[in-house]
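# Need coordinates for the below:
(one chain, ligands or ions: 1)
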Amino acid sequence: MVTIIGSEELTARKSHLCDSCLRRIEPGARYRRARCVDGGDAWTWKTHLACQKAGEILWDRDISGEEDCLLNVCDMDHEDREMIYAADPETFHEVWPDRPAPGQPKPVQ
Ligand SMILES: [Zn+2]
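Okay, the predicted model is just below:
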């Protein structure tokens, strides 16, 4: 069972890897850092604020990832994305800037 023993919002001084979407957190961007423990293991978990929010939107709808944690952006499927768009279009576009909004026609190539 994973326990979060603390989390804070920080401004990146160097680039980090987002543990949720696996993309870079650019220097200067705000991100969230959580300290997690599970038995004898401890680690930090860094995510974009938008990725965190996307996970929380699904969490509120009883959708979670492994170990009862927030679902990672890289594990979200089409239905999850639709739910996030319906709940908060702004977060959707922040997390997936290259994706068309669900239910909208794809851009013509
Ligand atoms: Zn991210």
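# Give the buried residues for stretch 43-53.
45-48, 50-53 (16 or more other CB atoms under 10 Å). All C-beta atoms are positioned from the backbone trio N, CA, C, and that covers glycine.
# contacts with the ion among those residues, please.
Contacts with the ion are made by 48, 51 out of those, judged by CB under 5 Å from the ion.
# Now, the buried residues of stretch 43-53 that are in helices?
With DSSP state H as the criterion, helices contain 50-53 from among those.
# For those residues, give me a markdown table that also has distance to residue 38 and pLDDT.
As requested, those are exported to a markdown table (distance: CB to CB, whole Å; pLDDT from 0 to 100):
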| residue | distance to residue 38 | pLDDT |
| --- | --- | --- |
| 50 | 25 | 97 |
| 51 | 21 | 97 |
| 52 | 19 | 96 |
| 53 | 24 | 97 |
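# and residue 31, which of the three is it?
strand (DSSP: H, G, I helix; E, B strand; the rest coil).
# ok, it - contacts?
9-12, 16, 18, 25, 46-49 (CB atoms under 8 Å, 6 or more residues apart in numbering).
# which bits of the protein sit near the ion?
18, 20-21, 48, 51.
# I'd like these laid out as a markdown table, including distance to residue 76.
Putting these into a markdown table (distance: CB to CB, whole Å) gives the following:
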| residue | distance to residue 76 |
| --- | --- |
| 18 | 13 |
| 20 | 9 |
| 21 | 9 |
| 48 | 14 |
| 51 | 10 |
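# Name the nearest of those relative to residue 83.
residue 51 (15.0 Å; CB to CB).
# hmm, back to that, quick check, nearest of the contacts of residue 31 to residue 65?
The closest of the contacts of residue 31, once distances to residue 65 are taken by CB to CB, is residue 47, at 12.2 Å.
# Check what pLDDT the residue nearest to the closest one when sequence neighbours are not counted gets.
Leaving aside its chain neighbours, residue 47 sits nearest to residue 20 (4.4 Å; criterion: CB to CB, 6 or more residues apart in numbering). Confidence at residue 20, expressed as pLDDT, is 96.
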